[in-house]
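# Okay, sequence plus prediction incoming.
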Amino acid sequence: MSKRFRVLRFVAFLYKLIAWIVVVIAALGAIMTIVIGALQGRAGAVSPLLAPIPLAGQASGLLAGLVLGVGILIVGLIQFVFIYAVGEAILLALAIEDNTRKSAYYLSGEGAIPPPPPGVSWEPTGPDDAGA
């Protein structure tokens, strides 16, 4: 059977790609914030890079950088999960549609239902399977 809804598959791929981009940017932002906090703590002054960020200009030092960096990383991970879930939800809907279409095709009698795979026996059948 042919695959349908190619654009939706592409959109799902884009959502997954965007999710990975978000998590990479969040990780880089967290690392950069921690480094800036450490440098700011050594200089003893407010960093011009953190001054425009609310509440970040008031904090100084490595501890503030760590707290802000961990916060950025957590928010980025939460965004990653939700954006990735949207891509997976699209693929889930497409899988449901595909399985429903296949079931309707076989139930209508147009195609032969493939036989189930052969069963596997766990009982020994010969002298090699006895484990002796």
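Sure thing, it's come through.

# Of all the helix elements in the chain, which one is longest?
helix 62-107 (DSSP state H).

# Average pLDDT for that one, rounded please.
The average pLDDT for helix 62-107 rounds to 91.

# tell me what that helix is packed against?
Contacts defined by 3 or more C-beta pairs under 8 Å, 6 or more residues apart in numbering; DSSP states H and E place helix 62-107 against helix 6-43. Placement of C-beta: from N, CA and C, glycine included.

# how big is the angle separating the helix it packs on from helix 62-107?
170 degrees (axes from the mean of the first three to the mean of the last three C-alpha atoms, to 10 degrees).

# Would you mark the buried spots in helix 6-43?
Neighbour counts over helix 6-43 (16 or more other C-beta atoms under 10 Å) mark 12, 15-16, 18-19, 22-23, 26-27, 29-30, 33-34, 36-38, 40-41 as buried.

# mean confidence score for that helix?
Helix 6-43 comes out at a mean pLDDT of 89.

# now for it, which elements pack on it?
helix 62-107.

# Distance from the helix it packs on to the middle of the chain?
Centroid separation for helix 62-107 versus its chain: 5 Å, with C-alpha atoms, centre = their mean, to the nearest Å.
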